[in-house]
Each structure stands twice: as C-alpha cells, then as structure tokens.
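Student: here is a sequence with its predicted model. Questions after.
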Amino acid sequence: MKRKDLNAKSHDEWEEQWQNHWSRIGQPGYELPTGGAGQEDRDLLASSRTLENEMERLERINGEFSRAFRTLYPIGPAVTVFGSARFTPRHKYYKLAREVGGELARAGFATLTGGGPGVMEAANRGARENGGASHGLNIILPHEQCTNPYVDSSVEFRYFFTRKVCLVKYSCAFIVMPGGLGTLDELFEAATLIQCHKIGPFPLVLMGTSFWEGMRKWGRFMMRQGVFAPEELGFARVTDSPAEAVELIVRSLPQSVRARLAPKPAQSI
C-alpha cells in the first residue's frame, strides 16, 4: 500500500503520525529563557536557556573548530566528496564513489569526506587504494555514523554546521554523489556559497545523471520562475564518469594550484 500523501492528511492525522514517529526521541530540545510560565517544568527537563549554558556551548564550538583547523591546515589541494552513508559495498553508487576516490588520488588530490560509511567510506577507500591522502570529518550521531577504516586522519564533530564549514573550507572543488537530506544540505550549502562568491569559483560536480534528473528539472523550473539566473548554474556539471569529473576539476584550477598536485600512477584493486 502506498504511503498516504502528507498534503492529503487531516490535521489530526498529521499530528498523530508526527507524535508516533517522534515519541521515541523524547522531549524536544528547544530552550527558553529562564523565568516566566513553565519555569519549573523547564528546570526539571534541564532545558532552560542560561548564559552559563550558552558560554559552554560556545566553548564546545570553538573547540571543534580549533581541533579541525590544527588537523586539516596542512592538507591540499583537496576535493570533498559528499554522499549517502547508506549504500553498501555491493551498491553501484558505492562502487562509483570508490572510483571517484581513486581518480582523485591519481590526479594528486587529497580526498575529504564526512568520514562515515557508504559513499564516504567508498571515496576514502578508493583514495587510499591508489596512494592518495584520505581524510574524514565524522559527525556524532545516535545511529548510522561511525568512522570508516580508510581515513588517514579523522576529526570528530558534534555540530553539523562546524563540520560543514570544514568540509568546505579545505576544498577546491566538490563532487556530490547520490544521497539524502544531509547530502542535499551539503550540496545547497556549497552551491549558495559559490553563487554568492563567498568561496571559489569552485566546480561543483554531480555524479549520477539518472539520480539527479528530478532535481535538474526542478532547478530549470525555478530558473523559469526567476529566482536565479541561468549563468548562476554555470559552475554545476552532471556526469557518470569519475574520470571526467576529476578532469573538469583539474581544468578549473589556477596554474599555481595545479603545480601543487602530485599525480599517482594507477594501482590495481
């Protein structure tokens, strides 16, 4: 039976589905300032917003950046590979990401990923198998995420936004493999920064023409609505070829950056 369209649900049905799905998580993590109605309940649930808690949080954030900067500053040129954590080694997209990592290594790039399983593991694996540098920026999650065994160095993050800053900061290009919400978040983060000239210009290459076709149609629709101009998508490219993706990246680099690359000979897997 097909899942019922969320837009067709009544408000009561929507709320029931929401409550059933999230009941396992517990009390929402939203904090309110101290004082006012409900103070006793907030104190009991340890969810009051206090200056002390805010300063502790800021210290944790600064600590994450400090650890990451100290670990990652020597690497480069590097390319970040984004993609789903859920593909197994037998999946075609895992195999494709492994080829991507190999091509990056042979071209002389360091490979940077989110450090977890699936596409991330595959890209790190391909890089290591071909003599390239392989780094992971791992996020602490209650499920699904653990550091894969193919990274030379790993930095652990509690906050998604600090991790994304570092995945972007140390890259000169981005390859986006098929993935879910997290991958889309990373894709649009990079695209927005490039569009607004906050980084780059860096190439943004999507791997998997059939997977991304729906989003490409949506992008063309948005363009017709006037929310961005055609030339603002000029940095994006879609391909099924890891070799083409890496060639496009190499061609985009200034000569001074290309000179830093140390290509590796192909190795058998």
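Tutor: Everything's here; your move. It should be emphasised that the depicted structure is a prediction, and the values quoted were computed from it without experimental measurement.

Student: all the strands of the stretch 101-250 of the chain, residue numbers only.
Tutor: Secondary structure of the stretch 101-250 of the chain by DSSP state E, counting those that start in this stretch: the strands cover 110-113, 134-139, 153-157, 174-176, 204-207, 236-239.

Student: okay if I get those as TSV plus distance to Glu99, mean neighbour count and mean pLDDT?
Tutor: (C-beta placed from N, C-alpha, C; glycine too.) As requested, these are arranged in TSV below (distance: least, Cβ to Cβ, whole Å; neighbours: other Cβ atoms under 10 Å; pLDDT from 0 to 100):
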stretch	distance to Glu99	mean neighbour count	mean pLDDT
strand 110-113	12	30	97
strand 134-139	15	24	95
strand 153-157	23	18	92
strand 174-176	11	28	97
strand 204-207	9	24	95
strand 236-239	12	17	88
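
Student: okay, now Ala243: neighbour count?
Tutor: Look at Ala243: counted by other Cβ atoms under 10 Å, it has 14 neighbours.

Student: who's in contact with it?
Tutor: Counting by Cβ atoms under 8 Å, 6 or more residues apart in numbering, Ala243 makes contact with Glu103.

Student: do Ala245 as well
Tutor: Residues touching Ala245, when contacts are defined by Cβ under 8 Å, 6+ apart, comprise 100, 103, 175, 205, 207, 237, 239.

Student: how about it, nearest residue that isn't a chain neighbour?
Tutor: Nearest non-adjacent residue to Ala245, counting by Cβ to Cβ, 6 or more residues apart in numbering: Val205, 4.5 Å away.

Student: could you say which helix or strand holds Leu58?
Tutor: Element membership of Leu58 [criterion: DSSP states H and E] is helix 51-72.

Student: partner strands of the following helix or strand past that helix, with direction?
Tutor: Using DSSP H and E, the helix or strand that follows helix 51-72 towards the C-terminus is strand 78-82. Listed by DSSP bridges, the sheet partners of strand 78-82 and their directions read strand 110-113 (parallel), strand 174-176 (parallel).
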